[in-house]
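> Here is my input; please provide its structure:
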Amino acid sequence: MVTIHFLPANRSVTVPKGTTVLTAARLAGVTIDSPCNGAVVCGKCAVHLAQDSLHRVEQKGVHQLSKREQLAGMVLACAAEVGGDIVVDVPEGPSERKLKITSHGESVAVALLPHITKTYQAERDVTKVYGGSAELFEEEGDSSGESFGVVVDIGTTTLVVSLVDLNLGVEVASASALNPQSRHAQDVLSRIRMAADEHGMAELHSGVIAEINDLLRQVSVQAGVRRERIYEVVLSGNTCMLHLAAGVNPASLGKYPYTPTLPCGSYLDADQIGIDIARGGLVYLPPIISAYVGADITAGLQAVGLHEEPDSVLFVDIGTNGEMALCHGGRIFATSTAAGPAFEGMNISFGMRAGEGAIERFSFLKDGAVKIKTIGKTEAVGICGSGLMDVVAELVSHGVIGKNGKYLSPEAPGIEPAIARRLVLQEGKPAFLLADQVWLTQKDVRQVQLAKGAIRAGIEFLLREAGVEAASLARVLIAGSFGFHLTASSLTTIGLLPPEVAGKVEFVGNTAKSGGEAFLLNRDARREMARLVTGIEVLELANYPDFDKVFVKCLSF
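This next block holds a predicted model:
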């Protein structure tokens, strides 16, 4: 057995020889960001070892670290197997930095007709609380003036909680945080694999519920609302996130025929899944479209009223899953693509979530100098998704990156001298210097290509299936917290969106939350969307024999 001591948490754990530092950290209750769940592909779990500890670990997958990091005594926690007593210093990770999370989302107006209602009976001095037509419980005295509900947007990376006054139909408080599941598994498939283990499933469920309850405490304090006056929670998220929050194993989503186990468009007991609201309170799960087009998209369609659009309109939630829908001629088509984690800053050398010090905006000035904006206006320490898109778009438009995604030589004609000087070699490979200690490698550019190519391919198949030309689209709605920080020019420059939609792109924000609020405030909206989703035509892209051909074509910048 060996002992591992973690700093600055000052915690120790004794484990068998050969245990990885990451496994030991989890046993000790120490958080180390590992978005790929130990697959040794993201390189985000780097930790420092004391100098006299280095010879007591066997490092595997050290290719993920630069020579400079290795010389500084850094190892990947997921790949470092311990052979003796060691001391590990866990650096502050992106998850500990203050995140910039968008909670605002556009929404069509709905009538105030909540599922939760209350009736005061003066003769008995009690207030009856109803969920639809069913009586849930009674409260002493007249509490009819206090009735609240909550929407929880469970994103793959972030959580947003909105507290709503059901009597007035207004949001009274909101709060957001990192989804703790993202520290262990960066995407849906990784979480499905992690949930296959009983301990992994318990950790994913308990982690997200604990964070939701903490956010509930925050919004309750902000608004001065007692949690026993919160009667309903609407969970808005993709299909896998809803399974994990409800404590239902999502294994069926990972194997054919990809059938959800959790009955959505239904109600659960809040006590049963551990959400801390009124005893007897409800959790509503909006209807889902398919295993990989979830309730967040159902909420988004409600928020923007896509089903009521007379024109051809494309709705895209840009993120790890790349979910999208197209309304045309009274029909709605939907699909999803595995865009991967690049847009969240993962699998990118200096990628990070949208926290302090992340480059979020990037552009070239006329003389070739760079203009950088970081979150918090501090020194650049990394690059988040929106900054990544800006950087690649600028490099493409200024001829630094060719259509095939390769960096051109600094001597290539047409590249301004000031820009050419930033084309450097890092460990013998091409990279572009963004700031003193931040650069973009050729491998990073490939990750962006793969992500944008997947989404563009999904769009192309939707257009083809509906018989719509890109130029005929009246609007393109970009949804999601990440999408809200993008620019239309970046999306068309890198080819994520067809060039024909320039001037038609609108950013509608966090519609998973705003659509969830519509469900909270109007019970008829729930029934309407439950009917609607049964008629949505879902495209399973894996069933198209030419998908690979279209995808490869969509990789081009």
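> Strands of the stretch 151-300 of the chain, start to end?
158-165, 170-178, 230-237, 266-269, 282-285 (DSSP state E, counting those that start in this stretch).
> how near is the closest residue to Ile277 other than its chain neighbours to Val13?
Nearest residue to Ile277, sequence neighbours excluded (C-beta to C-beta, 6 or more residues apart in numbering): Ile230, at 4.2 Å. Heads up, the C-betas are built off the backbone N, CA and C, glycines and all. The gap separating Ile230 from Val13 is 38 Å, by C-beta to C-beta, to the nearest Å.
> Which positions within stretch 150-170 qualify as buried?
By neighbour count on 16 or more other C-beta atoms under 10 Å, the buried set for stretch 150-170 is 150-166, 169.
> now swap in stretch 300-311 and tell me
With burial defined by 16+ other C-beta under 10 Å, the residues of stretch 300-311 counted as buried are Gly300, Leu301, Gln302, Ala303, Val304, Gly305, Leu306, His307, Glu309.
> With stretch 124-135 instead?
Buried-residue list, stretch 124-135, by 16+ other C-beta under 10 Å: Val126, Thr127, Lys128, Val129, Gly131.
> hmm, back to that, got the buried residues of stretch 300-311 as CSV, with distance to Gly351 and pLDDT columns?
Below are the buried residues of stretch 300-311 laid out as CSV (distance: C-beta to C-beta, whole Å; pLDDT from 0 to 100):
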residue, distance to Gly351, pLDDT
Gly300, 26, 94
Leu301, 30, 95
Gln302, 32, 94
Ala303, 29, 94
Val304, 30, 94
Gly305, 35, 93
Leu306, 32, 92
His307, 36, 90
Glu309, 35, 91
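> if I look at the closest residue to Thr441 other than its chain neighbours, how far off is His5?
Nearest non-adjacent residue to Thr441, counting by C-beta to C-beta, 6+ apart: Ala431, 4.7 Å away. Distance of Ala431 to His5, computed by C-beta to C-beta: 36 Å.
> Which one of those two is surrounded by more residues?
Shown here are Ala431 and His5; by other C-beta atoms under 10 Å, Ala431 has more neighbours (20 against 17).
> Which secondary structure state is assigned to that one?
The three-state label given to Ala431 by DSSP: H, G, I helix; E, B strand; the rest coil is strand.
> right, and Leu473 touches Ser312 too?
Yes - between Leu473 and Ser312 there is a contact under C-beta atoms under 8 Å: 5.3 Å.
> Helices along the protein, start to end?
21-28, 67-71, 188-195, 198-223, 239-246, 270-273, 295-304, 385-397, 417-420, 442-466, 488-493, 511-521, 523-533, 547-554 (DSSP state H).
> per-residue pLDDT, Lys98?
Per-residue pLDDT puts Lys98 at 57.
> whoops, Glu69 was the one
We have a pLDDT of 67 for Glu69.
> again, but for the one 5 residues further on
For Met74, the pLDDT comes out at 80.
> got it, and Leu496?
96.
> Now do the contacts for it.
Ile318, Lys452, Ile455, Arg456 (C-beta atoms under 8 Å, 6 or more residues apart in numbering).
> could I get the buried residues of stretch 124-135 as a markdown table with distance to Val550?
As requested, the buried residues of stretch 124-135 are arranged in a markdown table below (distance: C-beta to C-beta, whole Å):
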| residue | distance to Val550 |
| --- | --- |
| Val126 | 63 |
| Thr127 | 58 |
| Lys128 | 57 |
| Val129 | 53 |
| Gly131 | 46 |
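> any chance of those in JSON lines, plus pLDDT and distance to Leu262?
Compiled in JSON lines, the buried residues of stretch 124-135 are given as follows (pLDDT from 0 to 100; distance: C-beta to C-beta, whole Å):
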{"residue": "Val126", "pLDDT": "96", "distance to Leu262": "35"}
{"residue": "Thr127", "pLDDT": "97", "distance to Leu262": "32"}
{"residue": "Lys128", "pLDDT": "97", "distance to Leu262": "30"}
{"residue": "Val129", "pLDDT": "97", "distance to Leu262": "25"}
{"residue": "Gly131", "pLDDT": "96", "distance to Leu262": "19"}
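> coming back round to it: need the winner for burial among the strands of the stretch 151-300 of the chain.
Among the strands of the stretch 151-300 of the chain, the stretch with the highest mean neighbour count (mean count of other C-beta atoms under 10 Å) is strand 230-237, at a mean of 28.
> Would you list the strands that that strand pairs with, along with their directions?
Counting by DSSP bridges, the strands paired with strand 230-237 are strand 148-154 (parallel), strand 282-285 (parallel).
> Any chance of JSON lines for the ones you listed, columns mean pLDDT and distance to Ala466?
Converted to JSON lines, the strands paired with strand 230-237 look like this (pLDDT from 0 to 100; distance: least, C-beta to C-beta, whole Å):
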{"stretch": "strand 148-154", "mean pLDDT": "97", "distance to Ala466": "28"}
{"stretch": "strand 282-285", "mean pLDDT": "98", "distance to Ala466": "29"}
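> So Leu473 and Ser312 - more neighbours on which side?
Leu473 (22 against 19).
> Now do the contacts for that one.
By C-beta under 8 Å, 6+ apart, Leu473 lies in contact with Ser312, Val313, Leu314, Glu500, Val501, Lys504.
> so where's the stretch 1-150 of the chain uncertain?
For the stretch 1-150 of the chain, applying pLDDT under 70 flags the ranges 37-39, 41, 61-72, 92-104.
> Swap in 80 and give it another go.
Along the stretch 1-150 of the chain, segments meeting pLDDT under 80 span 9, 26, 29, 31, 33-44, 50-55, 59-73, 91-108.
> Which of the buried residues of stretch 300-311 sits closest to Arg279?
Of all those, Arg279 sits closest to Gln302, with 29.4 Å by C-beta to C-beta.
> The closest one contacts Met529, doesn't it?
Yes - contact criterion C-beta under 8 Å: Gln302 and Met529 qualify, at 5.5 Å.
> Quickly list the domain ranges of this structure.
2-91, 116-297 (automatic domain parsing).
> Out of those, which one sits most buried?
Stretch with highest mean neighbour count among the domains of the chain: domain 116-297 (a mean of 20; mean count of other C-beta under 10 Å).
> Enumerate every residue touching the residue nearest to Glu211 when sequence neighbours are not counted.
Ranked by C-beta to C-beta, 6+ apart and with sequence neighbours excluded, the top spatial neighbour of Glu211 is Pro180, at 5.3 Å. Contacts for Pro180 (C-beta under 8 Å, 6+ apart) come out as Gly207, Val208, Ala210, Glu211.
> possible to save those as JSON lines with pLDDT and distance to Ala24?
Formatted as JSON lines, those follow (pLDDT from 0 to 100; distance: C-beta to C-beta, whole Å):
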{"residue": "Gly207", "pLDDT": "95", "distance to Ala24": "18"}
{"residue": "Val208", "pLDDT": "97", "distance to Ala24": "23"}
{"residue": "Ala210", "pLDDT": "96", "distance to Ala24": "22"}
{"residue": "Glu211", "pLDDT": "97", "distance to Ala24": "23"}
